[in-house]
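# Build me a model from this:
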Amino acid sequence: MKPLIETIVKALVDHPEAVAVETREEETAVIYELSMHDDDIGKVIGKQGRTIHAIRTVVYAAAGSPKRVIVHVKEKG
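This is a model prediction of the structure:
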């Protein structure tokens, strides 16, 4: 799942080298935390969150796992 997320996000941003996905597995969920260059956060979230919602939809569909899949955008600050 991690390579899928990286591929999608790197295609959207201006600084693909700064894209990183960290995976955390919990009892009932798998959490993917996205970090990227500050200038690219808006591109990944999109207007009214539409882009990140679409990314999440693709990831959920591809997961096919009984565990819940969460895609989270890390904000630097």
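
# Quick one: the helices in the protein, in order.
2-12, 41-45, 50-63 (DSSP state H).

# which of the residues in the last one are buried?
Spelled out, that is helix 50-63. By neighbour count on 16 or more other Cβ atoms under 10 Å, the buried set for helix 50-63 is 51-52, 55-56, 59. No exception for glycine: its C-beta is placed from N, CA and C like everyone else's.

# Format the CA atom coordinates belonging to it as CSV.
Below are the C-alpha coordinates for helix 50-63, written out as CSV (Å, rounded to 0.1, in the frame of the first residue of the first chain):
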residue,chain,number,x,y,z
ARG,A,50,-11.3,16.6,-2.6
THR,A,51,-7.8,15.3,-3.6
ILE,A,52,-7.0,13.7,-0.3
HIS,A,53,-10.5,12.2,-0.2
ALA,A,54,-9.9,10.7,-3.7
ILE,A,55,-6.5,9.3,-2.5
ARG,A,56,-8.2,7.8,0.5
THR,A,57,-10.9,6.2,-1.6
VAL,A,58,-8.3,4.5,-3.9
VAL,A,59,-6.3,3.3,-0.9
TYR,A,60,-9.4,1.9,0.9
ALA,A,61,-10.4,0.1,-2.3
ALA,A,62,-7.0,-1.4,-2.9
ALA,A,63,-6.4,-2.4,0.7
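
# What mean pLDDT does that helix get?
For helix 50-63, mean pLDDT is 95.

# Report the angle between that helix and helix 2-12.
Interaxial angle of helix 50-63 relative to helix 2-12 (axes from the mean of the first three to the mean of the last three Cα atoms, to 10 degrees): 150 degrees.

# Run through the chain and note the low-pLDDT ranges.
Where the chain drops to pLDDT under 70, the residues are 77.

# please redo it, this time with the cut-off set to 50
Within the chain, no stretch has pLDDT under 50.
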